[in-house]
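J.: Pasted the sequence and its predicted model underneath.
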Amino acid sequence: MINLLLSCWLLLCARLSWSVSSDTLVVTQSPDVSFQEGETGNISCCWKGKPERVRIEWLKNQTLVEKKTVINQSTSSQNEQANSCSFLIFPDFAIRDSGRYICKVSVEIPTLTEVEGYGTTITVTARAVITDHHNLNAN
């Protein structure tokens, strides 16, 4: 009886260890970046794991900026952990876009798992204005 309980306990521990490591979700983000007003650019949020469906939330200074759901249609084997990425796209940077952006990745099935990236700081600088000093002095 004790051997049976010990065997069951060892089997349960082995199963729990496997499921914890297989459910691990690792999130990485773009490094800090700088842009000038008017430029186009993006930052990335990538996660490593094999979730079938994830929810991505982009937060700027803790305020929701964008939310989307990504469904993994990868054909890689079950043992492979695929990298998937989501991008926050800025078609025309403005000074107000400066701030710290954090990507939060949530897996809802089979168990709720939420992981945040370390964040990406975007700095937008004013576009240099070139003036013609010769014409200004002529007046």
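T.: Received it, and whenever you're ready, just let me know what you need.

J.: quick one: low-confidence ranges for this structure?
T.: For the chain, residues meeting the criterion pLDDT under 70 lie at 1-23, 72-82, 131-139.

J.: what are the ranges of the helices in it?
T.: According to DSSP state H, the chain carries its helices in the segments 2-22, 133-138.

J.: Run a quick neighbour tally on residue 83.
T.: By other C-beta atoms under 10 Å, 12 other residues sit near residue 83. C-beta: built from backbone N, CA, C; applies to glycine.

J.: where's it relative to residue 129, distance?
T.: Distance of residue 83 to residue 129, computed by C-beta to C-beta, to the nearest Å: 42 Å.

J.: for residue 63, same thing?
T.: Using C-beta to C-beta, residue 63 is found at 30 Å from residue 129.

J.: For these two, indicate the residue with more neighbours.
T.: More crowded of residue 63 and residue 129, by other C-beta under 10 Å: residue 63, with 8 against 5.

J.: partner residues bridging the more buried one?
T.: Beta bridges link residue 63 to residue 60, judged by DSSP bridges.

J.: go on, the one 5 residues further on?
T.: With DSSP bridges applied, the residues forming beta bridges to residue 68 are residue 56.
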